[in-house]
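Chemist: For reference, the sequence and a predicted model appear below.
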Amino acid sequence: MYRNASRLFFLSILIMLFACAPKRVEIPVYEGKSLEDALSSYKSISSIETTFSATFEKEDTEIKGDGIVSIADSGNMSMRIYSFGFLVFELSSKDGVIKSDPQIDKNKSAILTYGLRDCLYWWDIKNYEVSENQNDYILLNNQRQVWINKKTMLPIKQVIFLDDGRELDITYENPENFGVFWYPSKLRIEFAKYTVVLRLKDMSAIRRS
């Protein structure tokens, strides 16, 4: 009887563990779908809002915080970053006019405005040429270069070419389903001596009617 009770106990524990374990959602495989169709499925998105955790790195200095950003495909945006529940940084960009509190230098401004806009709207690349390797499509124009995985049709990395000749490097990892679409949940943006690592927690999008 003791053995039967023990077996039932362990069986009930296993059932509870499997019932409580988060279900793993498989990333869709889009092999056979054209690159143009994959990109066009995103192009009706006019604005994105996402919450995130951020790590700002410069040499041996590291600053962490949580934030929220709302950004339109035009580049207009608003961002707030909090640390321990307190607002520590606020930024807005409208029609190319950037305001922040506290003020930041041009390098940080480039990352958090032009860089973040093109980083999130990775599909919004125009007049591009396409090459490919075994695993990826590579899209290139005068402003950007984007690597898109052939199976998932999601970005792997991106390089943004700035007017002054410098480059902003972006890598994408950990695709997640945010309900509105699949999107890499970890983004690493590198520019000059600065690095920003964003981990997206939630995301919503507004599409044009």
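Modeler: Noted; the coordinates are in hand. Residues are numbered from 1 along each chain as shown.

Chemist: Show me which residues of stretch 180-193 are buried.
Modeler: Within stretch 180-193, the residues that qualify as buried are 182-185, 187-191, counting by 16 or more other CB atoms under 10 Å. For glycine as for every other residue, the C-beta is placed from the backbone atoms N, C-alpha and C.

Chemist: So Ile189 is in contact with Ile160, correct?
Modeler: No: taking contacts as CB atoms under 8 Å, Ile189 lies outside contact range of Ile160: 9.3 Å.

Chemist: Pairing partners for the helix or strand harbouring Phe52, with directions?
Modeler: When elements are assigned from DSSP states H and E, Phe52 belongs to strand 45-58. Partner strands and pairing direction for strand 45-58 (DSSP bridges) are strand 61-72 (antiparallel), strand 194-207 (antiparallel).

Chemist: Would you mind listing the buried residues in it?
Modeler: Of all the residues in strand 45-58, those buried under the rule 16+ other CB under 10 Å are 45, 47-48, 50, 52, 54, 56-57.

Chemist: With stretch 80-98 instead?
Modeler: 80-81, 89, 91-93, 98.

Chemist: Quick one: distance of it to the chain centre.
Modeler: The chain centroid and the centroid of stretch 80-98 are separated by 18 Å under CA atoms, centre = their mean, to the nearest Å.
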